[in-house]
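Chemist: Predicted model follows, preceded by the sequence.
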Amino acid sequence: EWENALQLISSMAQSNIELETISCCAAISACEKGGAWQKALTLFTEVVQSNMELDRIAYLAAISACEVGHQGEQAFQLFSEMVRSKVASNRITFNAAISASEKCGEWSKTLQLFGVMAERNVAFDASTLSSVISACEAGGKWKKALQLFSLMEATNQQDLAIVCSVLRNNSSSEQVSKKK
């Protein structure tokens, strides 16, 4: 499917049909969903170079492609570029960048993004906390993970009850194994 999307974009360009952001975003997203993350990022770069106006959806598609390709640092850079360009971020774009950073083992970037999210008063959800807690776990930052549990409980994030119990069990298991 992503091949068809790229072919359509190419045909439009060859026919001198003016490309619009929405068409390019759809093609970037198709590449991302098809696992062709490098093609998605190449198309995003071409859109940037063409001086086409980028919106939140364009950045989201590129950040999501970074997640598929395990390119956490590039996702972070794209998110930072989005902010510098004064493109409005929301929970979805934050979650995409946080998830990409978490999946690439970049716990410090994950926490940094979560901090910016809080500073901007962007509401977090179960997906946000799950990614941040997982990043803390992977980075050996159990104290921070437990602080996030407290935050989760204080904000009544009931859909994270399973995650909470699993991490508490893992934390208890780790403490038991350290005592042995």
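Modeler: Structure received.
Chemist: residues in contact with residue 124?
Modeler: When contacts are counted by Cβ atoms under 8 Å, 6 or more residues apart in numbering, residue 124 touches 91, 94, 114, 117-118. For the C-beta atoms, the positions are set from N, CA and C on the backbone; glycine is no exception.
Chemist: the bottom helix or strand of this structure by mean pLDDT?
Modeler: Counting by mean pLDDT, DSSP states H and E, the chain has its least confident helix or strand at helix 161-179, which shows a mean of 49.
Chemist: What segments of this protein are helices?
Modeler: Along the chain, the stretches classed as helices by DSSP state H are 2-14, 21-33, 37-49, 56-68, 72-84, 91-103, 107-119, 126-138, 142-154, 161-179.
Chemist: Turn these into TSV, including mean neighbour count.
Modeler: Listed next are the helices of the chain as TSV, based on neighbours: other Cβ atoms under 10 Å:
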stretch	mean neighbour count
helix 2-14	14
helix 21-33	21
helix 37-49	18
helix 56-68	24
helix 72-84	19
helix 91-103	25
helix 107-119	19
helix 126-138	22
helix 142-154	16
helix 161-179	12
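Chemist: Confidence-wise, which of those helices is weakest overall?
Modeler: For the helices of the chain, mean pLDDT drops lowest on helix 161-179, to a mean of 49.
Chemist: List the contacts of stretch 42-62.
Modeler: 6, 9, 19-22, 24-25, 27-29, 31-32, 40-41, 65, 78-79, 81-82, 85, 87-90, 92-93, 96.
Chemist: just stretch 112-121 next, same as before
Modeler: With contacts defined as Cβ under 8 Å, 6+ apart, stretch 112-121 is touched by 76, 79, 89, 91, 94, 97-98, 101, 124, 128, 132.
Chemist: Make TSV from those and add distance to residue 148 to it.
Modeler: Below are the contacts of stretch 112-121 laid out as TSV (distance: Cβ to Cβ, whole Å):
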residue	distance to residue 148
76	20
79	20
89	21
91	16
94	15
97	17
98	12
101	15
124	10
128	10
132	6
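Chemist: residue closest to the middle of the protein?
Modeler: Compute the mean C-alpha point of the chain, and by Cα atoms, centre = their mean the closest residue is residue 96, 2.0 Å away.
Chemist: separation between residue 103 and residue 117?
Modeler: Distance of residue 103 to residue 117, given as Cβ to Cβ, to the nearest Å: 17 Å.
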